[in-house]
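Visitor: Pasting the sequence and the predicted coordinates here, then a few questions.
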Amino acid sequence: MTPAQPHRLLLATNNRHKLAEIRDILAPHGIEVLGLADAGLRIEVVEDAPSFEGNAAKKALETATAAGIPALADDSGLEVAALNGEPGVRSARYAGEPTDDKANTARLLRNLEGVSDRRARFVCVLALAAPGGRLLGTAAGEIPGTIIHEPRGAHGFGYDPVFVPDGFTETFAELPSATKNRLSHRANALKHAVESGLFSKLP
Ligand code: IMP
């Protein structure tokens, strides 16, 4: 599973939580993950594709081309069954711009008032691109759970305080980060990426 040569790639995100999670997960595979700040880059990709896959590919391609080294991008979000998959690709901006995790979570809880079906899932799509506009591939992962009525816990980010993964009683914001990083939609997408040999396509 571990590539023979250590690889280095840039993670196309300004989200330090995602960077820490992905760095931890890929380190045992001999893949060094740089953040945009480590590389001295400021890149804001407009996430206007209608799917997680489209946004992840767009972020990876634009970042790899701007930076001149391979880039991995993650597009992720929360899909709630009773809201027909909302907030979905709009998860980061559910309550408007700029992104505000507390406001997004408050809007979600308001929209679920009186709703007994609380099933939801986090979804993540990863895309890996090489400079020169070459998309090396994508991988997806998800984690099912339920949305509780009041936020609980201080770890993580986004909707973590209201999401209880199936098989647990704690929210993602109450569980230790090591546990979340083992279970999460991002962990599952990375596992699928490693298993499918995506990182061995790195130049
Ligand atoms: P992205 O940066 O466009 O992928 O937006 C992802 C948004 O989805 C975040 O701003 C969060 O609102 C939500 N999200 C994605 N992954 C997680 C997670 O692991 N925990 C909590 N919220 C998440």
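Guide: Sure, I can see it.
Visitor: worst-scoring helix or strand of the chain, pLDDT-wise?
Guide: helix 16-26 (a mean of 87; mean pLDDT, DSSP states H and E).
Visitor: quick one: the top strand by length along the chain to chain centroid distance?
Guide: For the chain, the longest strand by residue count, based on DSSP state E, is strand 134-147. Taking C-alpha atoms, centre = their mean, to the nearest Å, one finds the center of strand 134-147 at 8 Å from the center of the full chain.
Visitor: packing partners for the helix or strand immediately after it in the chain?
Guide: Helices and strands here follow DSSP states H and E; after strand 134-147, the next one along the chain is strand 163-165. The elements that strand 163-165 packs onto, with contact taken as 3 or more C-beta pairs under 8 Å, 6 or more residues apart in numbering; DSSP states H and E, are strand 134-147. All C-beta atoms are positioned from the backbone trio N, CA, C, and that covers glycine.
Visitor: about what we covered before: ok, the longest strand of the chain: who's next to it in the sheet?
Guide: strand 119-130 (antiparallel), strand 163-165 (antiparallel) (DSSP bridges).
Visitor: That one and the ligand, are they touching?
Guide: No: using C-beta under 6 Å from any ligand atom, strand 134-147 stays clear of the ligand, coming no nearer than 8.6 Å.
Visitor: mind checking the longest helix of this protein?
Guide: When the chain is parsed with DSSP state H, its longest helix is helix 52-67.
Visitor: neighbouring contacts of that one?
Guide: 10, 12-13, 36, 39, 41, 43, 45, 47-49, 70-77, 89, 123-135, 138, 140 (C-beta atoms under 8 Å, 6 or more residues apart in numbering).
Visitor: Buried ones from these, can you make that a ChimeraX selection?
Guide: Restricted to buried positions by 16 or more other C-beta atoms under 10 Å, the ChimeraX selection for the contacts of helix 52-67 reads:
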select :10,12,13,36,39,41,43,45,47,70,71,72,73,74,75,76,77,89,123,124,125,126,127,128,129,130,131,138,140
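Visitor: Spell out which parts of the protein neighbour the ligand.
Guide: Residues of the chain lying near the ligand (C-beta under 6 Å from any ligand atom): 15, 47, 74-78, 91-92, 99, 104, 122, 156-160, 172, 184.
Visitor: Show me just the buried residues among the residues you listed.
Guide: Buried residues within the residues of the chain next to the ligand, defined by neighbour count using 16+ other C-beta under 10 Å: 15, 47, 74-78, 91-92, 104, 122, 156, 158-160, 172, 184.
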